[in-house]
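**Student:** build the 3D model from these lines:
(chains A, B, C and D)
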2 protein chains.
Amino acid sequence: MTDISDAGGEHGTVPRDFAALRALIIGRAPELPRRLTQVASYALDNPDEIAFGTAAGVAQRAGVQPSTLVRFSQALGYQGFSDLQDVFRSRLRDRVPSYDERLAQLREHGLDASKTGLLLEGFSEAAARSVADCRAKADPALIEQAVDLLAGAETIYLAGLRRSFPITSYMAYAMGKLGIRSILVDGIAGLGAEQTGFITPRDAMFAVSFTPYASETVALTAAAKAHGAGIVAITDSLFSPLAPLADVWLEVVEANFEGFRSMAATMALAMTLTVAVAGKRAEGA
Amino acid sequence: MTDISDAGGEHGTVPRDFAALRALIIGRAPELPRRLTQVASYALDNPDEIAFGTAAGVAQRAGVQPSTLVRFSQALGYQGFSDLQDVFRSRLRDRVPSYDERLAQLREHGLDASKTGLLLEGFSEAAARSVADCRAKADPALIEQAVDLLAGAETIYLAGLRRSFPITSYMAYAMGKLGIRSILVDGIAGLGAEQTGFITPRDAMFAVSFTPYASETVALTAAAKAHGAGIVAITDSLFSPLAPLADVWLEVVEANFEGFRSMAATMALAMTLTVAVAGKRAEGA
DNA sequence: TGTGCTGTGGAACGTTTATTCCATTTACGA
DNA sequence: TCGTAAATGGAATAAACGTTCCACAGCACA
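**Tutor:** Residues are numbered from 1 along each chain as shown, chains lettered A, B, ... in the order given. Okay, here's the model as predicted:
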């Protein structure tokens, strides 16, 4: 950090803002050695990990040696890891508006009362309320039961149509990334019944439905139960037709705004279940 | 909007998010010794300095000794300056502390919690933070532009794959209920290109994509642009390949937990656009 | 004016950190 | 198959860091 004798040397200057650095990394990555590209990809995926972390910590999470981080930084023309880290930090400095700015903007929203501004406020508020509510009311023991049931399943069938479809489709995406075998029962081309035809007692079904309960979701769930599969359900009331079918059911009440219910709480709960199932399986193995 | 019930608590828990910490500092400042109030005021005015700086550096700029910083932190109930600094850093981070970190932190304070409970809290916090962030940063004028463009379209094509698919599928559901003609470009059976083949300059495309940007979404958007359709995009950075293609693009940065990003903010924004488009059309008619 | 206590500055300490260096492995061309 | 150069892992090192400790100053009260 002291000897900067040839700072303006062969490569001239090096990016000081994140935008240019990102471009540089993307450009250089292909021609870099294996471990260095590994660092490059980790850096682009987890920029704030680099901004705050220590060399040792980052290295461990990226699966390399600390010295590799220094080599990577120097390959890009920086003096060392700390030098590179400064650029990642500058990115966070510009991005977050200060408290005063936020307050000013809030006031602005309140005063001009633009129609879209009010809508965003409303939907944001609904999401925040739903999530807070769900967090307060959730029963960890019950969730644990649901996780146990799902973790023991060979294949997890995901049933959720209409407005519950975003939930199941995101779970399918997440389960794919986590290596959990799942089938998204999407009912496309009326194949719902065929998709669940091969379900066995070793499988489980995860069903999501809210008022007015999609009859197809209920029918699929009943069919899965008839085949002996375990059932986990997320629904919004004791009177839901899913409740009596399920081995474990979780209640989520989403706040609504302008007639559309937030999905934020259900989404959070769905992801909790998904990651917990992956965790439980990893433990077992 | 949050529970700061035991903010002034004895040796219970101490704020771990910046909003609560700010409230605590403001509340305690009047009763603190001279140098400590000096630190308090500096901390609130220069939160970034605290997040990134070293104890020595911050102390110098605040005009106190490093040891005073430690005393200040301890007066607030933290273990030391580093402990306090973590909270300032969490404000800038779009990643909520992982399950493992949280568990370790609880153990340090001699507490214990259920695994799934921690997961749910993490996902809830990611959702809450994303939504709050989006609400604070959103530019109503820009949203208005997006709404105008979409409201003028004959048919709205919705493009979003992988983890953006929940967004577009929910929009398709909502638009169906609101009588807005839309086509969900789902790429099933590789028909994405065919689905957008008939797009005209009177139509619009709404595209959602986050890092790592699904190449198919980008290709579909480019094709729609080539056909002369207006483009509205939601994406997460200026470097997104969608940004240069779009007539209007909105930035959303979702907090992530355990490697999965919340979709709550994007969902709220998507619903805002959808309902606003319906509203604008109703006005016009 | 004396006494005790809180507040403060600054040095010392032990720990953690980024970095450097070197032995070993890997990849590649002859 | 060998020989050379690049790449990598891991220990060693020196600097920087947060924290602790202690002596002294300021102040209130007797």
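**Student:** skipping its backbone neighbours, what lies nearest the residue of chain A found nearest chain B in space?
**Tutor:** With distances taken as C-beta to the nearest C-beta, chain A approaches chain B most closely at residue A:166, which sits 3.4 Å away. Using the backbone N, CA and C atoms, a C-beta is placed for each residue, glycine as well. Distances taken as C-beta to C-beta, 6 or more residues apart in numbering or on different chains put residue B:166 closest to residue A:166, at 3.4 Å, once the chain neighbours are dropped.
**Student:** show me what the helix or strand harbouring that neighbour is packed up against.
**Tutor:** Per DSSP states H and E, residue B:166 falls inside helix B:165-178. Counting contacts by 3 or more C-beta pairs under 8 Å, 6 or more residues apart in numbering or on different chains; DSSP states H and E, helix B:165-178 is packed against helix A:165-178, strand B:156-159, strand B:182-185, strand B:204-209, helix B:264-284.
**Student:** which residues are in contact with the third one?
**Tutor:** Counting by C-beta atoms under 8 Å, 6 or more residues apart in numbering or on different chains, the neighbours of strand B:182-185 from elsewhere in the structure are B:155-159, B:168-169, B:171-172, B:175-176, B:192, B:195-196, B:220.
**Student:** if we go to 7 Å?
**Tutor:** Residues outside strand B:182-185 that contact it (C-beta atoms under 7 Å, 6 or more residues apart in numbering or on different chains) are B:155-159, B:168-169, B:172, B:175, B:192, B:195-196, B:220.
**Student:** return it as PDB; C-alpha atoms alone will do.
**Tutor:** Output of strand B:182-185 as PDB, limited to C-alpha atoms (Å, rounded to 0.1, in the frame of the first residue of the first chain):
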ATOM      1  CA  SER B 182     -52.400 -10.200 -22.800                       C
ATOM      2  CA  ILE B 183     -50.300 -13.200 -23.900                       C
ATOM      3  CA  LEU B 184     -48.100 -15.000 -21.500                       C
ATOM      4  CA  VAL B 185     -45.000 -15.900 -23.400                       C
END
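**Student:** quickly run through the sheet partners of it, with directions.
**Tutor:** strand B:156-159 (parallel) (DSSP bridges).
**Student:** list the buried residues of the partner strand.
**Tutor:** B:156-159 (16 or more other C-beta atoms under 10 Å in any protein chain shown).
**Student:** with stretch A:169-185 instead?
**Tutor:** Those would be A:169-175, A:178, A:180, A:182-185, for stretch A:169-185 by 16+ other C-beta under 10 Å.
**Student:** tabulate these (CSV), appending distance to residue B:207.
**Tutor:** As requested, the buried residues of stretch A:169-185 are arranged in CSV below (distance: C-beta to C-beta, whole Å):
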residue, distance to residue B:207
A:169, 17
A:170, 18
A:171, 23
A:172, 21
A:173, 17
A:174, 22
A:175, 25
A:178, 26
A:180, 29
A:182, 26
A:183, 28
A:184, 22
A:185, 27
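**Student:** now the two most distant members of those residues.
**Tutor:** Farthest pair in the buried residues of stretch A:169-185 (C-beta to C-beta) is A:178 and A:185. Separation: 18.9 Å.
**Student:** which residues touch residue A:211?
**Tutor:** Contact analysis of residue A:211 by C-beta under 7 Å, 6+ apart lists residue A:236.
**Student:** any idea how far it lies from residue A:161?
**Tutor:** 13 Å (C-beta to C-beta, to the nearest Å).
**Student:** what's the farthest-apart pair in the contacts of strand B:182-185?
**Tutor:** B:175 and B:192 (18.9 Å).
**Student:** interface residues of the stretch 151-285 of chain A facing chain B?
**Tutor:** A:162-163, A:165-166, A:169-170, A:173-174, A:188, A:258, A:260, A:263-264, A:267-269, A:271-272, A:275-276 (C-beta under 7 Å from any C-beta of the partner chain).
**Student:** ok, and of the residues you listed, which contact DNA strand C?
**Tutor:** Filtering these for proximity to DNA strand C by C-beta under 7 Å from any atom of the strand leaves nothing.
**Student:** point out where chain A drops to low pLDDT.
**Tutor:** A:1-12, A:95-113, A:187-195, A:285 (pLDDT under 70).
**Student:** which non-adjacent residue is nearest the residue in the stretch 101-250 of chain A that DNA strand C sits nearest to?
**Tutor:** Per C-beta to the nearest atom of the strand, residue A:179 is where the stretch 101-250 of chain A lies closest to DNA strand C, at 26.1 Å. Closest residue to residue A:179 apart from its sequence neighbours, by C-beta to C-beta, 6+ apart: residue A:278 at 7.4 Å.
**Student:** in contact with the residue nearest to residue A:271 when sequence neighbours are not counted, which residues?
**Tutor:** Once flanking residues are discounted, residue A:271 sits nearest to residue B:123: 4.9 Å by C-beta to C-beta, 6+ apart. By C-beta under 7 Å, 6+ apart, the residues touching residue B:123 are A:268, A:271-272, B:257.
**Student:** need the residues that contact stretch A:134-151.
**Tutor:** A:156, A:204, A:206, A:230, A:232, A:247-248, A:250, A:252, A:265, A:268-269, A:272-273, A:276-277, A:280-281, B:114, B:116-117, B:120-121, B:124.
**Student:** pull out the buried positions in it.
**Tutor:** A:134-135, A:138, A:140, A:143-147, A:149-151.
**Student:** cool, and stretch A:223-240?
**Tutor:** A:223-225, A:229-236, A:240.
**Student:** now tabulate these in TSV and tack on distance to residue B:91 and secondary structure.
**Tutor:** Output for the buried residues of stretch A:223-240, formatted as TSV (distance: C-beta to C-beta, whole Å; DSSP: H, G, I helix; E, B strand; the rest coil):
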residue	distance to residue B:91	secondary structure
A:223	49	helix
A:224	45	helix
A:225	47	helix
A:229	45	coil
A:230	42	strand
A:231	42	strand
A:232	36	strand
A:233	38	strand
A:234	32	strand
A:235	36	strand
A:236	34	coil
A:240	40	coil
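**Student:** look up phi and psi at residue A:242.
**Tutor:** phi -80, psi -30 (degrees, to the nearest 10).
**Student:** excluding chain neighbours, what is closest to it?
**Tutor:** Per C-beta to C-beta, 6+ apart, closest to residue A:242 is residue A:233, 4.2 Å.
**Student:** check residue A:119 too.
**Tutor:** Residue A:119 sits nearest to residue B:272 (C-beta to C-beta, 6+ apart), 4.5 Å away.
**Student:** of all the helices and strands packed on helix B:165-178, which lies closest to DNA strand D?
**Tutor:** helix A:165-178 (24.5 Å).
**Student:** picking up where we left off before, reformat the helices and strands packed on helix B:165-178 as JSON lines; add distance to residue B:20.
**Tutor:** Shown next, in JSON lines, are the helices and strands packed on helix B:165-178 (distance: least, C-beta to C-beta, whole Å):
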{"stretch": "helix A:165-178", "distance to residue B:20": "30"}
{"stretch": "strand B:156-159", "distance to residue B:20": "39"}
{"stretch": "strand B:182-185", "distance to residue B:20": "41"}
{"stretch": "strand B:204-209", "distance to residue B:20": "32"}
{"stretch": "helix B:264-284", "distance to residue B:20": "20"}
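**Student:** how many other residues sit next to the residue of chain A found nearest DNA strand C?
**Tutor:** DNA strand C sits closest to residue A:80 of chain A, with a gap of 2.1 Å, by C-beta to the nearest atom of the strand. Residue A:80: 14 surrounding residues under other C-beta atoms under 10 Å in any protein chain shown.
**Student:** so which of the helices and strands packed on helix B:165-178 is nearest residue A:87?
**Tutor:** strand B:204-209 (25.1 Å).
**Student:** dump that closest one to PDB, restricted to CA.
**Tutor:** Output of strand B:204-209 as PDB, limited to C-alpha atoms (Å, rounded to 0.1, in the frame of the first residue of the first chain):
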ATOM      1  CA  ALA B 204     -46.300  -3.800 -26.300                       C
ATOM      2  CA  MET B 205     -44.000  -6.200 -24.500                       C
ATOM      3  CA  PHE B 206     -43.500  -6.300 -20.800                       C
ATOM      4  CA  ALA B 207     -40.300  -8.100 -19.900                       C
ATOM      5  CA  VAL B 208     -38.900  -9.100 -16.500                       C
ATOM      6  CA  SER B 209     -35.400 -10.500 -16.100                       C
END
